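Chemist: what follows is a predicted structure for the sequence shown.
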Amino acid sequence: RRTNCLGLTLLLILGLAIPALSQQAKTAAEYNAYKAFYDEQAPAKKAELGEKFLTDFKDSDFVPQAYQLLVGAYARAQNWAKVMESADRAAALPKADNKLKAFAYENAMVAGQQANNFEKISEYGDKLLAVDSNNLNAMIILSSMIPERLPTDDAGKKAALQKASDLATKAMAGVQQFFGQPKP
């Protein structure tokens, strides 16, 4: 009886440990490279270490997290073109879930705004809303930016204004809901 309980306990522990082991570095070099990248505080140096990690360890389990750190490093370094480029690469990953895509697209949208590039703001805002239809930041930014750059034809102008109005209405409802919640 004791052996059965011990065997069952070991089987349970092993069953819980196997998924955790899959998130570990495969080699000491991979671990050291990721740790150096993760620990770096200077944004430009962090981005450099991140690019090196992603080049050297393409098959690492840490690639999605590395892209998140890389996008953040470029944003802190105010390298807006690299924020957008690394966001595109992150979203194109086969392992990219909607959380990573939303993070990448939101940062890229803000980078487009900082670079004063309306087309990129609109592109990334639409991509962000495709993966997170309730993202208040995207709705607010797009609803305020669209009327500034209206198409010249009447049909295009009407469609753009309708889109901006719909986004603003949805954003207002989201903001009211957000501020209507009880304070923690």
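Modeler: Yep, that arrived.

Chemist: in what helix or strand does the residue most central in space within the chain lie?
Modeler: Nearest to the mean C-alpha position of the chain, by CA atoms, centre = their mean, lies residue 103 at 1.9 Å. In the assignment (DSSP states H and E), residue 103 maps to helix 98-114.

Chemist: which strands or helices does that helix pack on?
Modeler: The helices and strands touching helix 98-114, judged by 3 or more CB pairs under 8 Å, 6 or more residues apart in numbering; DSSP states H and E, are helix 63-76, helix 80-91, helix 118-131, helix 136-145. Glycine gets a C-beta too; all of them are placed from N, C-alpha and C.

Chemist: now the residue nearest to the centre of the chain: closest residue in space that isn't a chain neighbour?
Modeler: residue 68 (5.9 Å; CB to CB, 6 or more residues apart in numbering).

Chemist: assign residue 60 to helix, strand or coil.
Modeler: At residue 60, secondary structure determined by DSSP: H, G, I helix; E, B strand; the rest coil is coil.

Chemist: no wait, residue 170
Modeler: Classified using three-state DSSP, residue 170 is helix.

Chemist: residue contacts, it?
Modeler: By CB atoms under 8 Å, 6 or more residues apart in numbering, the contact list for residue 170 reads residue 139.

Chemist: need the pLDDT of it.
Modeler: What the model reports as pLDDT for residue 170 is 90.

Chemist: how close does residue 80 get to residue 40?
Modeler: Per CB to CB, to the nearest Å, residue 80 is found 20 Å from residue 40.

Chemist: those two - which one has more neighbours?
Modeler: With neighbours defined as other CB atoms under 10 Å, residue 80 and residue 40 compare such that residue 80 has more, 21 against 17.

Chemist: these two touch, right, that one and residue 114?
Modeler: Yes - using CB atoms under 8 Å, residue 80 is in contact with residue 114, at 5.1 Å.
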